[in-house]
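Novice: sequence and predicted model, in that order:
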Amino acid sequence: MAQTDKPTKAHSDSAPDLGAVAARVGTVAAGVMLFILAGSYVINAMDRQVFSVLLPAVRDDFGFTLAQGGLLATIFTLGIGVAGLPTGYLLDRMARKAVILIGIVVFSVFTILTALASGFADMFVYRALSGVGESMQNAALFSAVGAYFFAHRALALGTLNFAYGVGSFLGPYLGAKLAATSGMWELPFYVYGLIGFAFVVLIGLFVTKRFTEQVDPPVTTRHSVDHVPEVLWNRNIVALAIAAVVVGVAMYGYLGLYPTFLQEELGFSTEQAGFAASMFGLGALMGIPAGWIGDRLNQRNVMIVALLVGSAVGWLLFNGPTTPVAQNVLSFAEGAIASGFLFVNIYSSMQRAVRPHMVGRASGLYVASFYVPAALAGYLFSQLVGLVGWGGAGLWQLTILPFVAVAALLFVDVRRFENAGARAAH
C-alpha cells in the first residue's frame, strides 16, 4: 500500500476510530514496532510454559496430587478463554495499544504472585488471573497485526506465533536452569514478571497507534466482501470454533503434564525434561512457513492434514520411543503441528470467516474457544492417566480426539472466506 504522511481521520487517544484508516508508518518503523510487540509475546509464552516444567518441584513443596498439579498447569487458560469474548468487544471500543499494555501488566503481576502463593487455592487464583492478562494481550496483539498486514494475515499471525515459539522454548529451558542453579522454583516467576514490566515501558515509548489501530481498507480499495456472511455466528465460524476447542484440549493436555511424564515415568532429570518441553517451542517457530502455506493453499485442507499428522505424533509421544533424543524430536513435531500449523491457520481462518469490522470479535471468539476448554485439559489428562495409564491418555486425548476436529472442518467453505475474492482475482 502507498505510504502517506497524514492520517485520513484523527484517532482518539482512548479508542480507535473504526470508520477511518490511519496513515501507515514507514516500513522500517513497522518492522521495529512488530519486533517489540513480538518480544512482548515472547514473555507471554515464557510465563505460560514455565509452570509445567517446575510442577514436580511445586508438587514436592506443597504436597499437591497429580490431579491438582495438572489443574494448576492449565488453569491459566480458563482466564485466557473467559476474557476472550469480553476483550473482543472491548477492542471495538478501546485502543488496541491500551489493551495490550493493560494485559501485560496483569499477567506480569500475577506471574510474580504465583511465586508468593501459600497453597493450592491462592495459586489457583493467581494462575487463572494471569491468563486474563495474557488473553487481553493476545486478542489485541493479533487483531492489531492482522489488520495492519491484512493482505498477508496468516503470515503475519505466523510471525507472532514464531515469537510464541521462541518464548515456549526459552520459558521451560531457562526456567529449569534458573530453578536448578538457585534451588528455588520461585525464581523464574520473579524474573519473567519483571521482564514483562520492561516491555510495558518499551511499548509505551516506541509503538505508536498508527501501527496498532489500523483497520482493513474499505472494500472499494481492494475487493468485495459480499461473499462473506454478514453475521458473526456463521457456519464457518462454528466449525472452526469446534476445531479450536479440540486442538486446545489436545495441546494443553500434552503441555500441562508432559514434563511430569518425562520425569516421573521415564526418569528424565529436570533439565532434560525442560529441554524436551522447550522443543515444543522450537516447533512453534514453524508458524511463519505455516502461515505462508495457509495464505496460498486451501486452508481447510492444510488444517486437516496437520490434524491427521498430529494424531500420529500424539500417540508416539506417550507410546513410542523413550530416549531423550527421540522425545526431543517428537516434542518439536508436536509444536510444529499444534502451535505452528493449527493455531496459526485456525486463528487466521476465523478472522477471515467474518467481515472486517468483526475481526476483533472473531479474535475474541477464537481465544475463548481455544482456551476455555483447555483449562481442564491437564486435569482430564491426569484422570485418563489414572484410568488407562500414560499411553492410554495420550491415545484418547492426542490421537482420537483430533478426529472430531477433522469432521468439523469438513463443513468449512473457504469460498466464503474474506480473502477468497482476492485469491480468485490472481
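Specialist: Cool, the structure landed.
Novice: got the contact list for A250?
Specialist: Applying Cβ atoms under 8 Å, 6 or more residues apart in numbering to A250 gives the contacts 310, 314, 338, 377, 397-398, 401-402. Where you see a C-beta, it was placed from the backbone N, CA and C, and this is true even at glycine.
Novice: okay, G196: pLDDT?
Specialist: G196 carries a pLDDT score of 97 in this model.
Novice: and if you look at the one 5 residues further on?
Specialist: Looking at V201, its pLDDT is 97.
Novice: what does L160 give?
Specialist: Listed pLDDT for L160 reads 85.
Novice: for it, which residues are in contact?
Specialist: Residues counted as contacts of L160 (Cβ under 8 Å, 6+ apart) are 37-38, 41, 141-142, 145, 287.
Novice: my guess is Y41 contacts A144. True?
Specialist: No: the pair Y41 / A144 is not scored as a contact, 11.4 Å apart, by Cβ atoms under 8 Å.
Novice: of the two, which one has the most company?
Specialist: A144 (30 against 26; other Cβ atoms under 10 Å).
Novice: quick check: pLDDT value at the more buried one.
Specialist: pLDDT, read off for A144, is 88.
Novice: remind me which helix or strand it belongs to.
Specialist: Here A144, judged by DSSP states H and E, is contained in helix 120-148.
Novice: distance between the next helix or strand after that helix and the chain's centre?
Specialist: Remark: after helix 120-148, the chain's next helix or strand is helix 153-182, criterion DSSP H and E. Distance of helix 153-182 from its chain centroid, counting by Cα atoms, centre = their mean, to the nearest Å, is 11 Å.
Novice: also stretch 27-38?
Specialist: For stretch 27-38, the distance to the chain centre is 20 Å (Cα atoms, centre = their mean).
Novice: who touches that stretch?
Specialist: With Cβ under 8 Å, 6+ apart, stretch 27-38 has contacts from 3, 24-25, 100, 141, 144-145, 148, 159-160, 162-163, 199, 202-203, 206-208, 211.
Novice: now these: which count as buried?
Specialist: Among those, those classed as buried by 16 or more other Cβ atoms under 10 Å are 24-25, 100, 141, 144-145, 148, 159-160, 162-163, 199, 203, 207, 211.
Novice: now for the protein, the helix or strand with the poorest mean pLDDT.
Specialist: helix 420-425 (a mean of 54; mean pLDDT, DSSP states H and E).
Novice: buried set for stretch 146-161?
Specialist: For stretch 146-161, using 16+ other Cβ under 10 Å, the buried residues are 146-150, 152-161.
Novice: pretty sure S269 sits against Q263.
Specialist: Yes: with contact defined as Cβ under 8 Å, S269 reaches Q263; the gap is 7.5 Å.
Novice: tell me which of these two has more neighbours.
Specialist: Q263 (20 against 13).
Novice: ok, now how distant is the more buried one from L395?
Specialist: Using Cβ to Cβ, to the nearest Å, Q263 is found at 21 Å from L395.
Novice: what do you get for P86?
Specialist: P86 is 36 Å from L395, by Cβ to Cβ.
Novice: comparing the two, which shows the higher neighbour count?
Specialist: Neighbour totals were compared for P86 and L395, and L395 leads with 19 against 15 (other Cβ under 10 Å).
Novice: three-state assignment of the closest residue to the more buried one other than its chain neighbours?
Specialist: With Cβ to Cβ, 6 or more residues apart in numbering as the criterion, L395 has its nearest non-adjacent residue at 6.0 Å, and that residue is W315. What DSSP: H, G, I helix; E, B strand; the rest coil gives for W315 is helix.
Novice: wait, what's in contact with W315?
Specialist: Listed by Cβ under 8 Å, 6+ apart, the contact set of W315 reads 394-395, 398-399.
Novice: likewise L194?
Specialist: The contact partners of L194, taken as Cβ under 8 Å, 6+ apart, are 108, 112.
Novice: if I look at it, how far off is F51?
Specialist: 17 Å.
Novice: okay, now the closest residue to L116 other than its chain neighbours: neighbour count?
Specialist: The shortest distance from L116 to any non-neighbouring residue, by Cβ to Cβ, 6+ apart, is to E186 (7.8 Å). Per other Cβ under 10 Å, the neighbour tally for E186 reads 19.
Novice: check Q383 too.
Specialist: Counted with other Cβ under 10 Å, the neighbours of Q383 add up to 15.
Novice: name the element L257 belongs to?
Specialist: Going by DSSP H and E, L257 is part of helix 235-264.
Novice: V228 now?
Specialist: Applying DSSP H and E as the criterion places V228 outside every helix and strand.
Novice: and if you look at G360?
Specialist: Using DSSP H and E, G360 falls within helix 359-371.
Novice: now that helix - C-alpha only, PDB.
Specialist: As requested, the backbone C-alpha atoms of helix 359-371 are provided in PDB (Å, rounded to 0.1, in the frame of the first residue of the first chain):
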ATOM      1  CA  VAL A 359     -12.300  -9.200  13.200                       C
ATOM      2  CA  GLY A 360     -11.900  -8.200  16.900                       C
ATOM      3  CA  ARG A 361     -14.900 -10.200  17.900                       C
ATOM      4  CA  ALA A 362     -13.700 -13.200  15.800                       C
ATOM      5  CA  SER A 363     -10.300 -13.000  17.600                       C
ATOM      6  CA  GLY A 364     -12.100 -12.900  21.000                       C
ATOM      7  CA  LEU A 365     -14.200 -15.900  20.000                       C
ATOM      8  CA  TYR A 366     -11.100 -17.900  18.900                       C
ATOM      9  CA  VAL A 367      -9.400 -17.100  22.200                       C
ATOM     10  CA  ALA A 368     -12.500 -18.300  24.100                       C
ATOM     11  CA  SER A 369     -12.900 -21.400  22.000                       C
ATOM     12  CA  PHE A 370      -9.300 -22.400  22.200                       C
ATOM     13  CA  TYR A 371      -8.600 -21.700  25.800                       C
END
